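Engineer: sequence first, then the predicted structure, then my questions.
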Amino acid sequence: MVNVLFFAGLQEAVGEHRVTLDVAGKTIDELKTLIKDTYSLGHLDHVMVAVNEEYVGENIILNEQDTVAFIPPVSGG
Amino acid sequence: MVNVLFFAGLQEAVGEHRVTLDVAGKTIDELKTLIKDTYSLGHLDHVMVAVNEEYVGENIILNEQDTVAFIPPVSGG
Amino acid sequence: MEHNFWITEEPIALNDVIEKVTRREVGAINIFTGTVRELTDGKRTLFLEYDAYKPMAEKKLAQIGQEIKEKWGDAETAIVHRVGRLDISDVAVAIAISTPHRKAAFAASSYAIDRIKEIVPIWKKEHWSDGTQWIGDQKERHSYDKGIPTEEAMGNG
Amino acid sequence: MEHNFWITEEPIALNDVIEKVTRREVGAINIFTGTVRELTDGKRTLFLEYDAYKPMAEKKLAQIGQEIKEKWGDAETAIVHRVGRLDISDVAVAIAISTPHRKAAFAASSYAIDRIKEIVPIWKKEHWSDGTQWIGDQKERHSYDKGIPTEEAMGNG
């Protein structure tokens, strides 16, 4: 299983901070599509994705126990 | 009479922080020469001069009650 | 080194940040603070709420410190970012950088705050009298199609 | 405004300087501190002694604040410089500048410290184990023929 985290506005849109999904073996891109469809979101083009606290590209394949975070445009500082 | 102030290394060289001199009517340049001769100093080319707390040029003429400060290269900060 | 980079829910005490970079051999310390601004584009903020992906945010702050060392050599950096509810004039972020020569301290501080706004997973929610909004989501709710927020949208300089 | 610019014989409390420039409408405050460095060109400083022509120094600090307003518009500046005996790592000068946008805060801070080293009548005396020297008098005692001291000679950044 893979842990998936949402933050800020995306967390409010999804209605969850954290979900656990059976998506090991899938790519980030595939997970994005799944999330978009499941939660009826608009496009996620500007959402960055981190796996185990590091930014990754769309083609990375997920492993069991990974933690994926969807990172909407940041606004700290 | 004119008040004349010395600071830092110049104060140590002169041996005084403040002297009162009868130099009203003289220019800064003339006062510089007088000071140099009186206290056997080397040249004062890089010493700036302030009258009544504002930097002035060498040709300014001193008035009674002026306060002249000899300002060696500064090193604050 | 990691303890120079942290997320806190408490008010930021600048001395804590400064102490971490004070060294006998350096003569310049620059401290930048981002504070909560009341007016942005003429709109009055009541208060802000910051959220962070805390472990990753601390890692990314440490990465920025490492980038600064690589770019400016002998520079020590400490950064703290506050989360939770912040009122007007509260300090949201403080960056302290010590360097042997002062020019590097200014350049590195400017770099640090730019990078924070690019890569550190921290988000700000504006609370106005007539509503709220997560910044970074200016144009369409739920679509995030603005990418990196503009200078104006970022709210503190 | 003048009370934003002062010379003190007491240790500098940064909060005093920061408070003077904190405003509800600005989001960026930059604080630069010059501290006493132990080693300059490999020579070990025991302590420093600062002297100032106090009334003129405070005027010149205020003038720098005015120059900053003219150059960067909506900027508030406060500067304090300490005199007397200072030990290693003591803060000699603190400059706080608040601006609506952060780039101006960095540029104005850098300008302020450069100008202090040019026009403010304050002098530093180095105390080493083998002697003392007023800085700005590096080459020949009593002749001051170096003009504005070099970056290296100035000792803090």
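Structural biologist: Thanks, I have the structure now.
Engineer: what segments of chain A are helices?
Structural biologist: In order along the chain, chain A carries the following helices (DSSP state H): A:8-14, A:28-38.
Engineer: poorly predicted segments of chain C, please.
Structural biologist: Residues of chain C meeting the criterion pLDDT under 70: C:1-2, C:137-157.
Engineer: quick one: contacts for the most centrally placed residue in it?
Structural biologist: Most central residue of chain C, judged by C-alpha distance to the mean C-alpha position with Cα atoms, centre = their mean, is C:Val93 at 3.9 Å. If you count contacts by Cβ atoms under 8 Å, 6 or more residues apart in numbering or on different chains, C:Val93 has them with A:76-77, C:12, C:32-34, C:79-82, C:113, C:116. All C-beta spots, glycine's among them, are computed from the backbone N, C-alpha and C.
Engineer: mind putting these in a markdown table, neighbour count included?
Structural biologist: Written out in a markdown table, the entries for these read as follows (neighbours: other Cβ atoms under 10 Å in any protein chain shown):
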| residue | neighbour count |
| --- | --- |
| A:Gly76 | 30 |
| A:Gly77 | 28 |
| C:Ile12 | 19 |
| C:Phe32 | 29 |
| C:Thr33 | 28 |
| C:Gly34 | 26 |
| C:Ile79 | 29 |
| C:Val80 | 24 |
| C:His81 | 26 |
| C:Arg82 | 25 |
| C:Ile113 | 27 |
| C:Ile116 | 23 |
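Engineer: just the residues you listed: which are in helices?
Structural biologist: C:113, C:116.
Engineer: and chain B, which of the contacts of C:Val93 contact it?
Structural biologist: Here nothing survives when those are matched to chain B using Cβ under 8 Å from any Cβ of the partner chain.
Engineer: can you tell me the element the closest residue in space to C:Leu48 that isn't next to it in sequence falls in?
Structural biologist: Among residues not flanking C:Leu48 along the chain, C:Leu86 sits closest, at 4.8 Å (Cβ to Cβ, 6 or more residues apart in numbering or on different chains). Secondary-structure element containing C:Leu86, defined by DSSP states H and E: strand C:84-87.
Engineer: which parts of that strand are buried?
Structural biologist: C:Leu86 (16 or more other Cβ atoms under 10 Å in any protein chain shown).
Engineer: what about it, distance to the chain center?
Structural biologist: Centre-to-centre, strand C:84-87 and its host chain are 14 Å apart (Cα atoms, centre = their mean, to the nearest Å).
Engineer: most packed of the helices of chain A?
Structural biologist: For the helices of chain A, average neighbour numbers computed from mean count of other Cβ atoms under 10 Å in any protein chain shown are highest in helix A:8-14, which has a mean of 22.
Engineer: contacting residues around the residue nearest to C:Glu38 when sequence neighbours are not counted?
Structural biologist: Of all residues not flanking C:Glu38 in the chain, D:Arg24 sits nearest, at 4.2 Å (Cβ to Cβ, 6+ apart). Listed by Cβ under 8 Å, 6+ apart, the contact partners of D:Arg24 are C:37-39, C:88-89.
Engineer: report the two of those residues separated the most.
Structural biologist: By the measure Cβ to Cβ, C:Leu39 and C:Ser89 form the most distant pair in the contacts of D:Arg24, at 12.2 Å.
Engineer: contacts only, for the residue nearest to C:Leu48.
Structural biologist: C:Leu86 neighbours (Cβ under 8 Å, 6+ apart): C:36, C:47-50, C:92.
Engineer: please repeat the previous calculation with a cut-off of 10 Å.
Structural biologist: C:11-12, C:35-36, C:45, C:47-50, C:92, C:124 (Cβ atoms under 10 Å, 6 or more residues apart in numbering or on different chains).
Engineer: cool, C:Ile7 as well?
Structural biologist: Listed by Cβ under 10 Å, 6+ apart, the contact partners of C:Ile7 are A:76, C:50, C:52-58, C:61, C:79-83, C:120, C:122.
Engineer: ok, 8 Å please
Structural biologist: So C:Ile7 contacts C:52, C:54, C:57-58, C:80-83, C:122 (Cβ under 8 Å, 6+ apart).
Engineer: quick check: pLDDT value at A:Leu62.
Structural biologist: pLDDT, the model's per-residue confidence, is 98 for A:Leu62.
Engineer: apart from its chain neighbours, what residue comes closest to residue 15?
Structural biologist: Because you didn't say which chain, this covers chain A. Nearest residue to A:Gly15, sequence neighbours excluded (Cβ to Cβ, 6+ apart): A:Tyr39, at 7.5 Å.
Engineer: I was after chain C.
Structural biologist: Nearest residue to C:Asn15, sequence neighbours excluded (Cβ to Cβ, 6+ apart): D:Leu14, at 7.6 Å.
Engineer: tally up the residues packed near the one you found, please.
Structural biologist: By the criterion of other Cβ atoms under 10 Å in any protein chain shown, D:Leu14 has 17 neighbours.
Engineer: wait, it sits on C:Leu14?
Structural biologist: Yes. With contacts defined as Cβ atoms under 8 Å, D:Leu14 counts as touching C:Leu14 at a distance of 6.2 Å.
Engineer: need the overlap of contacts for those two.
Structural biologist: Applying Cβ under 8 Å, 6+ apart, one finds that D:Leu14 and C:Leu14 are jointly contacted by C:31, D:31.
Engineer: returning to that earlier point: toward the C-terminus from the strand holding C:Leu86, list the very next helix or strand.
Structural biologist: Moving toward the C-terminus from strand C:84-87, the next helix or strand (DSSP H and E) is strand C:91-99.
Engineer: ok, the residue in chain A positioned nearest to chain B - contacts?
Structural biologist: Among all residues of chain A, A:Gly77 sits closest to chain B, at 28.4 Å; criterion: Cβ to the nearest Cβ. For A:Gly77, the contact set (Cβ under 8 Å, 6+ apart) comprises C:34, C:81, C:92-93, C:113, C:116-117, C:122, C:154, C:156.
Engineer: repeat that with 6 Å
Structural biologist: Neighbour list for A:Gly77: C:34, C:93, C:113, C:116-117 [criterion: Cβ atoms under 6 Å, 6 or more residues apart in numbering or on different chains].
Engineer: what sits against A:Leu10?
Structural biologist: Residues A:70, A:72 are the ones in contact with A:Leu10 under the rule Cβ under 6 Å, 6+ apart.
Engineer: swap in 7 Å and give it another go.
Structural biologist: A:47, A:70, A:72 (Cβ atoms under 7 Å, 6 or more residues apart in numbering or on different chains).
Engineer: so C:Glu70: helix, strand or coil?
Structural biologist: Local secondary structure at C:Glu70 is given as helix here, using DSSP: H, G, I helix; E, B strand; the rest coil.
Engineer: so it versus C:Gln63, what's the distance?
Structural biologist: Distance, C:Glu70 to C:Gln63, using Cβ to Cβ, to the nearest Å: 10 Å.
Engineer: quick check: the residue of chain C nearest chain B.
Structural biologist: Counting by Cβ to the nearest Cβ, chain C gets nearest chain B through C:Arg102, at 8.5 Å.
Engineer: no further queries at this time; thank you.
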